[in-house]
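A.B. asks: Sequence plus predicted model, see below.
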Amino acid sequence: MKVDTIELDGDTLSASKRVEVASKQFETPVKALQVGKLRASEKVSPLARGIVEIYGKASAAALTNSRSGWTGLAKKLERQEKNAHNDEFVVPFIEYDDSSNLEAENAAEIAKLQTNYGDILTVPLMSELVDAAEDGDGRTTPHVTAIIENTKQFLKAVDKLGVDKPVMGVIPPISHDCTQALVDVYLDHGLRAYCVDFNRRSPMAQSQIDHVINPLMQSLSSYNTREESLLYGVNANDSRPVTGKRRTSDAVYAYTLGFDIVGDNHIAPKLPEEVFEELAKKAAKGEVELKLFDIDTVSIVEVPVSELGSFLPDDAEIPVDRIQDRIKQDPDEQYRFTKLINAELISLYLESEGGIDPQKIFVDLRTGAYTQNSDLERVRELSTEVLSGS
């Protein structure tokens, strides 16, 4: 994998990079599309195609069964991968949904599956261990130790298999010490791709900046590798309330924090049962609203499904009539379509005028009507600390 920085924003950590992996290449900043959410009769703008995610979840028992001939996990990944175009860069995520240690054979099984269906390998997501850890837990605490050891086990399996594809390290949102321990492991292995698994946290939360983003960026800067590295964010909470039906667009903020690719959220929200019941009642009355990215204000706004046609820009290609029909038949479809529409809308924003200038992202946020000054200050402070090495 080769990463070249084309342009840097002098006020934030936003960057434009050119990435080459084997015969495939792309430029950042870019939004990843969860391609498995697309059905055969659905499409999005070509500008939203290029980086696609596929996702699977497996326990220790499932991986053992997969090694013994069970094809359920492989077929799930294969079905998603078949939705990708031949020239698209496929990023496979597998969540190790288990609190037990990752055995060498199971680590190898994950690596083999990712090799078969992806263009890059990713260290397994470990949500169960992350959820069990306390914010601030260091590398000597049991759950963080398990995450680090599982990571080493996976990298060892990749080395033993001799896989000729790049590997992306994953960093969970736990603590500065956890981040530093994992970054040291990744640097020792010569990795040049890093993914922060936000585990449904906001990248703009001060704890995430302090625990994960700042130490990661500072480490890469101290080794003079930040401009040669690919930074990816996944499972991030995509918005926070501002006023009325307006919310922040945390995916766009992530680019100003140094992320080159922002992926999707694969973790279901943990909401009280009464919240789901209220949403179901609104859906039954035909009052479904989608939280969608507004290109004009660089924010998230709640849009009634009935008004979707007038809200979407002319160059959006996702089929409005199908969305309205499918949500009418099954209100749960709103969650799938929200992901697809937002991936398309953010991609259209990033690809406006042939590719957005990294500096323009922060300018748009700074001048937006629904921007919070505290967020702007966090972006500035992070940039100052990373660039000064303080």
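C.D. replies: Now that the structure is in, tell me what you want to look at. Because the structure is predicted, anything quoted here is derived from the model rather than measured.
A.B. asks: Tell me how many other residues crowd Lys31.
C.D. replies: By the measure other Cβ atoms under 10 Å, the count of residues near Lys31 is 28. All C-beta spots, glycine's among them, are computed from the backbone N, C-alpha and C.
A.B. asks: excluding its backbone neighbours, what's nearest it?
C.D. replies: Across the structure, with Cβ to Cβ, 6 or more residues apart in numbering as the measure, the residue nearest Lys31 apart from its sequence neighbours is Ile346 (4.4 Å).
A.B. asks: ok, now how distant is that neighbour from Leu340?
C.D. replies: From Ile346 over to Leu340 the distance is 11 Å, taken as Cβ to Cβ, to the nearest Å.
A.B. asks: What of Pro331?
C.D. replies: Separation of Pro331 from Leu340 (Cβ to Cβ): 16 Å.
A.B. asks: do the same with Gly309
C.D. replies: To Leu340, Gly309 is 16 Å away according to Cβ to Cβ.
A.B. asks: So which of those two has more stuff around it?
C.D. replies: Neighbours per residue, other Cβ under 10 Å: of Gly309 and Leu340, the larger number sits with Leu340, 22 against 12.
A.B. asks: report the longest helix in the protein, please.
C.D. replies: Selection of the longest helix in the chain by residue count, based on DSSP state H, yields helix 142-161.
A.B. asks: Between helix 142-161 and the very next helix or strand once past that helix, find me the angle.
C.D. replies: For helix 142-161, the succeeding helix or strand toward the C-terminus, using DSSP states H and E, is strand 167-171. Going by axes from the mean of the first three to the mean of the last three Cα atoms, to 10 degrees, strand 167-171 is angled at 180 degrees with respect to helix 142-161.
A.B. asks: What mean pLDDT does the next helix or strand after strand 167-171 get?
C.D. replies: Tracing the chain C-terminally past strand 167-171 and defining elements by DSSP H and E, one meets helix 176-188 next. Model confidence over helix 176-188 averages 98 on the pLDDT scale.
A.B. asks: Now do the buried residues in helix 176-188.
C.D. replies: The neighbour-count check on helix 176-188 (16 or more other Cβ atoms under 10 Å) flags 177-183, 185-187 as buried.
A.B. asks: next one: stretch 48-64
C.D. replies: Across stretch 48-64, burial judged by 16+ other Cβ under 10 Å covers 48-60, 62-63.
A.B. asks: Which residue ranges of the stretch 151-300 of the chain form helices?
C.D. replies: Secondary structure of the stretch 151-300 of the chain (DSSP state H, counting those that start in this stretch): helices at 176-188, 206-208, 214-222, 250-256, 273-284.
A.B. asks: Other residues contacting the third one?
C.D. replies: With contacts defined as Cβ atoms under 8 Å, 6 or more residues apart in numbering, helix 214-222 is touched by 13, 171, 176, 179-180, 183-184, 187, 194, 196, 226, 229, 231, 258, 382, 385-387, 389.
A.B. asks: repeat that with 6 Å
C.D. replies: 176, 179-180, 183, 226, 229, 258, 382, 386 (Cβ atoms under 6 Å, 6 or more residues apart in numbering).
A.B. asks: Now name the helix or strand holding Lys17.
C.D. replies: Taking DSSP H and E as the definition, one finds Lys17 inside strand 15-21.
A.B. asks: immediately after that strand, which helix or strand?
C.D. replies: strand 24-27.
A.B. asks: next SSE after that next one?
C.D. replies: Following strand 24-27 toward the C-terminus (DSSP H and E): strand 30-31.
A.B. asks: what about that following strand, average pLDDT?
C.D. replies: When pLDDT is averaged over strand 30-31, the result is 97.
A.B. asks: That strand pairs with which strands, and in what direction?
C.D. replies: Using DSSP bridges, the strands paired with strand 30-31 are strand 261-262 (parallel).
A.B. asks: average pLDDT for the strand it pairs with?
C.D. replies: In this model, strand 261-262 has a mean pLDDT of 98.
A.B. asks: Can you give the contact residues for it?
C.D. replies: When contacts are taken as Cβ under 6 Å, 6+ apart, the neighbours of strand 261-262 outside the stretch itself are 30-32, 51, 232-233, 251, 254.
A.B. asks: what's the farthest-apart pair in the residues you listed?
C.D. replies: Ile51 and Ala254 (14.2 Å; Cβ to Cβ).
A.B. asks: From the buried residues of stretch 48-64, pick the one nearest Val3.
C.D. replies: Using Cβ to Cβ as the measure, the one of the buried residues of stretch 48-64 that approaches Val3 most closely is Ile51, at 13.9 Å.
A.B. asks: Name the residues linked to the closest one by a beta bridge.
C.D. replies: Beta-bridge pairing of Ile51, defined through DSSP bridges, involves Phe89.
A.B. asks: Kindly report the same for Phe26.
C.D. replies: With DSSP bridges applied, Phe26 shows beta-bridge pairing to Val19.
A.B. asks: wait, it sits on Gly50?
C.D. replies: Yes. Phe26 is within contact range of Gly50, at 5.3 Å (criterion: Cβ atoms under 6 Å).
A.B. asks: Just give the nearest non-adjacent residue to Leu279, would you?
C.D. replies: Beyond its immediate neighbours in the sequence, the residue positioned closest to Leu279 (Cβ to Cβ, 6+ apart) is Pro331, lying 7.7 Å away.
A.B. asks: wait, doesn't that neighbour sit right on Glu287?
C.D. replies: No. Taking Cβ under 6 Å as the definition, Pro331 is not a contact partner of Glu287, at 10.0 Å.
A.B. asks: which of those two has more neighbours?
C.D. replies: Here Pro331 and Glu287 are compared on neighbour count by other Cβ under 10 Å; more neighbours surround Pro331, at 18 against 13.
A.B. asks: Quick check, pLDDT for the more buried one.
C.D. replies: Here, the pLDDT recorded for Pro331 equals 90.
A.B. asks: Look up phi and psi at it.
C.D. replies: phi -60, psi -20 (degrees, to the nearest 10).
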